[in-house]
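In: Show me how the following folds:
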Amino acid sequence: MQKPIIIAISGASGSGKSLFTQNLSLKLGQSSKDILLLQEDHYYKAQDHISIEERAKTNYDHPDAFEHDLLADHLAQLLNNEIIDYPAYCYKTHTRLSECEKIEQAPIIIIEGIMLLTQVQLFDYFDLKVFVDTAPDVCLMRRMLRDTQERGRTIESVAKQYETTVKPMYHKFIEPSKNFADLIVPHGGENHLAVDVVSAFLLNSQNGSLIND
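Out: A predicted model of the protein is given here:
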């Protein structure tokens, strides 16, 4: 049985990880069943046991906010051709939803998230580690647009969170984690040369030893 190729795409919130992933998928030109996209955000810890007021105080830009052990288990299961219960997360209630999605492996698995390269226990699952490197002020503008338009946040709350947790956690955890990347991508998701490099790696790997038992 062929072994899936797993790529981790990390970087700051608003760095362009999702755009890079979209452009990579378009470049590969494969059907949706050939590429499985996973989000680290789905692995935020469940917080049903505390009030919504307490949930709002959680530092969501710290590695401890995620259940990375569950993510590691799911990657192992996918590599073993098992079906996983992919969790869903609600940003408005700050906890997981009760329903999960049944997901099976694909030849290419792309997972994106801000803390992926801070978790050494995940590295053995990654065939390629990519860090999307974008200027912090650009990330902030993108985050403000996303959070106000898609997550029901106010500009004031986004700015406060940026100053209290996002910015300091970026410098403490995310920025240093790029030292573990195999490829650092400047200029965000619109770096088409980097998209070409990663797509070439994937296509060569599909025809090479990575997918052979």
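
In: Low-confidence ranges, the protein, go.
Out: 1, 30-32, 208-213 (pLDDT under 70).

In: if we go to 90?
Out: For the chain, the stretches with pLDDT under 90 are 1-3, 13-14, 27-34, 48, 56-57, 91-94, 98, 134-167, 187-190, 203-213.

In: just so I have it, where are all the helices in the chain?
Out: 17-28, 52-55, 68-79, 136-150, 155-161, 167-169, 175-177, 192-206 (DSSP state H).

In: Would you mind finding the most buried of these?
Out: Greatest average neighbour count among the helices of the chain goes to helix 17-28 (a mean of 19), per mean count of other CB atoms under 10 Å. Yep, even glycine has a C-beta here, placed from its N, CA and C like the rest.

In: Which residues does that helix contact?
Out: If you take CB atoms under 8 Å, 6 or more residues apart in numbering as the criterion, helix 17-28 is touched by 9-11, 34-35, 37, 108, 110, 112-113, 130, 132, 185, 188-192, 194-196, 198-199, 202-203.

In: would you turn the helices of the chain into JSON lines with distance to Asp41?
Out: JSON lines is the format used below for the helices of the chain (distance: least, CB to CB, whole Å):
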{"stretch": "helix 17-28", "distance to Asp41": "11"}
{"stretch": "helix 52-55", "distance to Asp41": "15"}
{"stretch": "helix 68-79", "distance to Asp41": "11"}
{"stretch": "helix 136-150", "distance to Asp41": "12"}
{"stretch": "helix 155-161", "distance to Asp41": "15"}
{"stretch": "helix 167-169", "distance to Asp41": "15"}
{"stretch": "helix 175-177", "distance to Asp41": "17"}
{"stretch": "helix 192-206", "distance to Asp41": "21"}
